[in-house]
Structure formats: structure tokens, C-alpha cells
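Enquirer: build me a structure from this.
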Amino acid sequence: MSRFGKAKWKPSAYWGSVRHYRLHYVDGFGGDIVRVREFEAENDEAALTYGEDVRSLTAMELWEGDRKVEALGRVPADGD
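Expert: Numbers count the residues shown, from 1 in each chain. Next comes the predicted model:
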């Protein structure tokens with residue numbers, strides 16, 4: 001038997017402790033998403049801190065999966 005056949009994947013404590021987030025950079029006129037930045041953070045607070053660190057003049061929305069965590073800057077509403 002091959003030595004590779006015996007290898008088993010073991011979950012790491014590191015991978016279990018992070019969440020996957022996305023920053024959506026939003027166009028200030030039409031509200032369209034113009035860029036997405038994906039990253040990992042331990043919790044919402046750490047993700048918000050990261051979002052503020054990479055902040056630009058463009059409005060942003062922070063998402064974790066289907067959950068909108070927070071809007072950073074003014075994001076235009078529909079019809080705005």
C-alpha cells in the first residue's frame with residue numbers, strides 16, 4: 001500500500017477559529033459593487049478593524065456569507 005493511502009486529514013485548530021469575510025466596494029453613484037476583497041478574521045470586531053485599515057474613499061459593505069455585518073461609509077439606497 002502506498003504511504004499516501006494512509007494519510008488522513010486532521011482539522012487544524014487554526015482553521016476552526018476563523019471566519020470568511022468579504023468587503024464589497026460600492027460605487028457611490030449607482031450602488032454597484034465595483035470590487036470585492038475576501039479575507040479571514042476571528043470575529044466581526046477583527047473584520048471591522050481590518051475593513052477600517054484598508055478603507056478608501058469608496059463606500060464598503062462587510063459581509064460574512066449571506067449576513068451583512070455593517071456598511072462602512074455611505075452606501076446609496078435603491079433609487080438614491
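Enquirer: quick one: low-confidence parts of this structure?
Expert: Counting by pLDDT under 70, the chain contains low-confidence ranges at 1-16, 75-80.
Enquirer: so where's the longest helix in it?
Expert: In the chain, assigned by DSSP state H, the helix with the most residues is helix 44-53.
Enquirer: what's in contact with it?
Expert: In this structure, residues lying in contact with helix 44-53 by Cβ atoms under 8 Å, 6 or more residues apart in numbering are Arg19, Tyr21, Leu23, Phe39, Ala41, Met60, Leu62, Glu64, Val69, Glu70, Leu72. C-beta here means a position set from N, CA and C on the backbone, and glycine is covered the same way.
Enquirer: burial measure for the last one, as a count.
Expert: Applying the criterion other Cβ atoms under 10 Å, we find 19 residues in the vicinity of Leu72.
Enquirer: which residues sit in contact with it?
Expert: Leu48, Gly51, Glu52, Arg55, Ala59, Met60, Glu61, Leu62.
Enquirer: now, of these, which are buried?
Expert: If you count burial by 16 or more other Cβ atoms under 10 Å, the buried members of the contacts of Leu72 come out as Leu48, Gly51, Ala59, Met60, Glu61, Leu62.
Enquirer: coming back round to it: mind checking which of the contacts of helix 44-53 are in strands?
Expert: Secondary structure assignment (DSSP state E) places Arg19, Tyr21, Leu23, Phe39, Ala41, Met60, Leu62, Glu64, Val69, Glu70, Leu72 from these within strands.
Enquirer: could you dump these into a markdown table and include distance to Gly31?
Expert: Listed next are the ones in strands among the contacts of helix 44-53 as a markdown table, based on distance: Cβ to Cβ, whole Å:
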| residue | distance to Gly31 |
| --- | --- |
| Arg19 | 26 |
| Tyr21 | 20 |
| Leu23 | 15 |
| Phe39 | 23 |
| Ala41 | 25 |
| Met60 | 12 |
| Leu62 | 16 |
| Glu64 | 21 |
| Val69 | 18 |
| Glu70 | 16 |
| Leu72 | 14 |
